[in-house]
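Engineer: Sequence first, then the predicted structure, then my questions.
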Amino acid sequence: MSTSYSRTLSQPEWYTPFLWRKGMLAAVCVGVVAVSGQPLLMGASLLVLACGIALLWQPGLPPVLLFAFFYQWAQVSGELFYSLFTGVSLTSRFVRAPYIREAIGLGLLGLLVLAIGMWIPLRSLRVKELVTTARAEIQRINIERIFWVYIALLGYILLLPFLRSAVPAASQILLAAAELRWALVFLLTYSVLLKQRGWFFLAVAVLFEFIYGLGFFSGFKTVFFVLAVAAGMAYTRLEMRSLVAGSAIAIAVFLTGSVWSVIESDYRQFLNRGTGQQVVYASKWEQVQKFADLASSVSWAEVQRGAELTIKRVAYVQFFAATLSYVPEHQAHEGGALWGRAIKHVLMPRILFPEKPVLKSDSRATREYTGLDIAGGARGTSISIGYMGESYVDFGRYGMFLPVFLLGLVWGGMLLYFVRRANVKVVGLAFAVAVLLNANRFEITSLKLLGGVLMKFIVLALALRFGAPYVSSWLLEEAK
């Protein structure tokens, strides 16, 4: 009796490892808020992050929507953490400091609204049943057959430039079909992580996607994002292997991003032969050689400088802030014209409307709604105020959240569609990942965001309906 009583005194019921970790996390958050220099904004940032995780994290499901939310949260909150780590105050780095704070605040609120919109369709999912089914299916899928389907799709990808030049009106459809490879990379990664074999096949796929992603933009990072989403589905608990996998992916992304920030200018100049345009005149082998040469010459001091540049590049609220200071004082709200133009453009596929005008540089609209003199298409540059900035231009500080909420409903609805329509649920989840992977860009225009994701959704929905059942049945046969 005394022993039990003593144990009760020394270890109360609330003193468990779980609550201890929660308490430590809360203490760290309080400390960050206290020393941030912007306690209200930093507190709001951490609170929105916690809400987003609570709404969108479903153990055992691919956290592609959570990834989209988290990446944008980093873009909105980046300036706060940059100020925290460098000790340089937010107000001293920007002439329009009050608008920077407002842009961060509105961006955070917009992300919370987006997360709620994405969460609503997911409420109808029977998550435990779906996770159990997906894990049982992946155990029956043959890893080698996933890889050979992936190799077959690579043949299409290598022929893609010739197909696009032969049928330019179908360019968007052809590009969207190429996104199927991310569904296969996801399936391959998920299967390898759960079965702990087939690492060679995964390494080949990752290496190819990294090399293929080398170009004018840092497309090589996408394969790491797919790995992260697949690992998030495979590892549902905070264990050593999940920590190792997550840390390895995070370090790889950050280091490659840091190196890219250092060599970006020289590499792009090599690709466009000094023309200043967003074009590539080098072969893929030349691109790989040049990238390797430049990357190998980067010193550790330059990597550190690149890391700082990477953090600054991720943060993307300065143009939103400039928009807040310029509209409506110098430029009137558009009353829905920007989103209306985006929807109209999406509903007019080029294959049916070949006379549809080619999209111009985003910098043109940015100059119009910010008053900033920034480089445009003539110098190979396209800078946008982002889809939330455009929502503000259309509907103001309060109405801007309506299109953001509707966008969240669309993203969540797309995931729900693939899950319900797929005969093999894990394949449906893989298709959803491939479609929603690019829903993570705060800086993209509403037209490109909506058009790009919707075209991929239509093409992959057709592939799921007419092609996936046959391929899925072959993948499930005689699994080893």
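Structural biologist: Received it, and whenever you're ready, just let me know what you need. Just so we're clear, the structure is a prediction, and the values are computed from it rather than from any experiment.
Engineer: where in the stretch 51-200 of the chain is pLDDT low?
Structural biologist: Within the stretch 51-200 of the chain, the ranges that satisfy pLDDT under 70 run 92-97.
Engineer: 90 - rerun?
Structural biologist: Scanning the stretch 51-200 of the chain for pLDDT under 90 picks out 58-60, 78-99, 101, 158, 161, 164-173, 175.
Engineer: Going by residue numbers, what spans are helices in it?
Structural biologist: 64-86, 90-93, 97-122, 127-140, 143-166, 171-178, 180-195, 199-212 (DSSP state H, counting those that start in this stretch).
Engineer: Scan the chain for its longest helix.
Structural biologist: Scanning the chain for the longest helix, with DSSP state H as the assignment, gives helix 240-271.
Engineer: Contacts only, for F270.
Structural biologist: Going by C-beta atoms under 8 Å, 6 or more residues apart in numbering, F270 touches 282, 290. C-beta here means a position set from N, CA and C on the backbone, and glycine is covered the same way.
Engineer: I211 versus that one, what's the distance?
Structural biologist: 16 Å (C-beta to C-beta, to the nearest Å).
Engineer: Near F85, how many residues? Count them for me, please.
Structural biologist: F85 has 10 neighbours, counted by other C-beta atoms under 10 Å.
Engineer: what residues are up against it?
Structural biologist: By C-beta under 8 Å, 6+ apart, the contact list for F85 reads I311.
Engineer: check contacts around R145.
Structural biologist: 474-475.
Engineer: what about 6 Å?
Structural biologist: R145 sits next to L475 when contact means C-beta atoms under 6 Å, 6 or more residues apart in numbering.
Engineer: In stretch 409-417, which of the residues would be classed as buried?
Structural biologist: 409-412, 414-417 (16 or more other C-beta atoms under 10 Å).
Engineer: Out of those, which is nearest to T275?
Structural biologist: Distance to T275 across these (C-beta to C-beta) is lowest for W411, with 37.2 Å.
Engineer: which residues touch D362?
Structural biologist: Contact partners of D362, counting by C-beta under 6 Å, 6+ apart, are 382-384, 445.
Engineer: Counting neighbours, what do you get for R273?
Structural biologist: 12.
Engineer: and it, backbone torsions?
Structural biologist: Note on R273: backbone dihedrals following degrees, to the nearest 10 are phi 60, psi 30.
Engineer: Could you measure from L46 over to G117?
Structural biologist: In terms of C-beta to C-beta, L46 sits 21 Å off from G117.
Engineer: Skip ahead from the longest helix of the chain and say which helix or strand is next.
Structural biologist: Once the chain leaves helix 240-271, the next helix or strand it forms, by DSSP states H and E, is helix 284-296.
Engineer: which parts of that next one are buried?
Structural biologist: 287, 290-291, 294.
Engineer: R313: which of the buried residues of stretch 409-417 is nearest?
Structural biologist: Looking at those and their distance to R313, the nearest is W411, at 24.3 Å (C-beta to C-beta).
Engineer: Tell me who's in contact with the closest one.
Structural biologist: Here W411 is in contact with 118, 436, 439 (criterion: C-beta under 6 Å, 6+ apart).
Engineer: element containing it, please.
Structural biologist: Assigned by DSSP H and E, W411 falls within helix 401-421.
Engineer: Mind exporting the C-alpha coordinates of the next helix or strand after that helix to PDB?
Structural biologist: Using DSSP H and E, the helix or strand that follows helix 401-421 in sequence is helix 425-436. Output of helix 425-436 as PDB, limited to C-alpha atoms (Å, rounded to 0.1, in the frame of the first residue of the first chain):
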ATOM      1  CA  LYS A 425      -7.000   2.300 -53.200                       C
ATOM      2  CA  VAL A 426      -3.200   2.700 -52.900                       C
ATOM      3  CA  VAL A 427      -3.100   3.400 -56.600                       C
ATOM      4  CA  GLY A 428      -5.800   6.000 -56.200                       C
ATOM      5  CA  LEU A 429      -3.800   7.600 -53.400                       C
ATOM      6  CA  ALA A 430      -0.700   7.600 -55.700                       C
ATOM      7  CA  PHE A 431      -2.600   9.400 -58.400                       C
ATOM      8  CA  ALA A 432      -3.800  12.000 -55.800                       C
ATOM      9  CA  VAL A 433      -0.200  12.600 -54.800                       C
ATOM     10  CA  ALA A 434       0.800  13.100 -58.500                       C
ATOM     11  CA  VAL A 435      -1.900  15.700 -59.000                       C
ATOM     12  CA  LEU A 436      -1.700  17.600 -55.800                       C
END
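Engineer: between the helix or strand following helix 425-436 and helix 401-421, how many degrees?
Structural biologist: As assigned by DSSP H and E, the chain's next helix or strand after helix 425-436 is helix 446-466. Counting by axes from the mean of the first three to the mean of the last three C-alpha atoms, to 10 degrees, helix 446-466 lies at 10 degrees to helix 401-421.
Engineer: picking that back up, the longest helix of the chain: which residues count as buried?
Structural biologist: Buried residues in helix 240-271, counted by 16+ other C-beta under 10 Å: 242, 245-246, 249, 252-254, 256-264, 267-268, 270-271.
Engineer: Could you give the average pLDDT over that helix?
Structural biologist: Averaging pLDDT along helix 240-271 yields 78.
Engineer: How far away from the center of its chain is it?
Structural biologist: Its chain's C-alpha centre and that of helix 240-271 lie 15 Å apart, by C-alpha atoms, centre = their mean, to the nearest Å.
Engineer: Specify the angle between it and helix 284-296 in degrees.
Structural biologist: Using the same axes, to 10 degrees, one finds that helix 240-271 and helix 284-296 are set 110 degrees apart in direction.
Engineer: okay, the angle between helix 240-271 and helix 180-195?
Structural biologist: 150 degrees.
Engineer: re the thing from before, show me which of the buried residues of stretch 409-417 is closest to L193.
Structural biologist: L415 (20.6 Å).
Engineer: okay but S45 is in contact with V76, surely?
Structural biologist: No - assessed by C-beta atoms under 6 Å, S45 is found out of contact with V76, at 7.6 Å.
Engineer: joint contacts of the two?
Structural biologist: Common neighbours of S45 and V76 (criterion: C-beta under 6 Å, 6+ apart): L108.
Engineer: thinking again about what came up before, quick check, nearest of the contacts of D362 to S218?
Structural biologist: Checking the contacts of D362 against S218 with C-beta to C-beta, the nearest one is S382 at 14.9 Å.
Engineer: Can you get me a residue count around that closest one?
Structural biologist: Other residues within reach of S382 by the criterion other C-beta under 10 Å amount to 19.
Engineer: In terms of helix, strand or coil, where does it fall?
Structural biologist: Under DSSP: H, G, I helix; E, B strand; the rest coil, S382 falls in the coil class.
Engineer: how close does it sit to I444?
Structural biologist: Applying C-beta to C-beta to S382 and I444 gives a distance of 10 Å.
Engineer: do the same with L187
Structural biologist: Taken as C-beta to C-beta, the span from L187 to I444 is 27 Å.
Engineer: before we move on, back to that, G87: which of the buried residues of helix 284-296 is nearest?
Structural biologist: For these, the residue nearest G87 by C-beta to C-beta is L294; the value is 31.2 Å.
Engineer: Quick check, that closest one in contact with E264.
Structural biologist: No - contact criterion C-beta under 6 Å: L294 and E264 do not qualify, at 9.3 Å.
Engineer: Distance from stretch 54-71 to the middle of the chain?
Structural biologist: For stretch 54-71, the distance to the chain centre is 11 Å (C-alpha atoms, centre = their mean).
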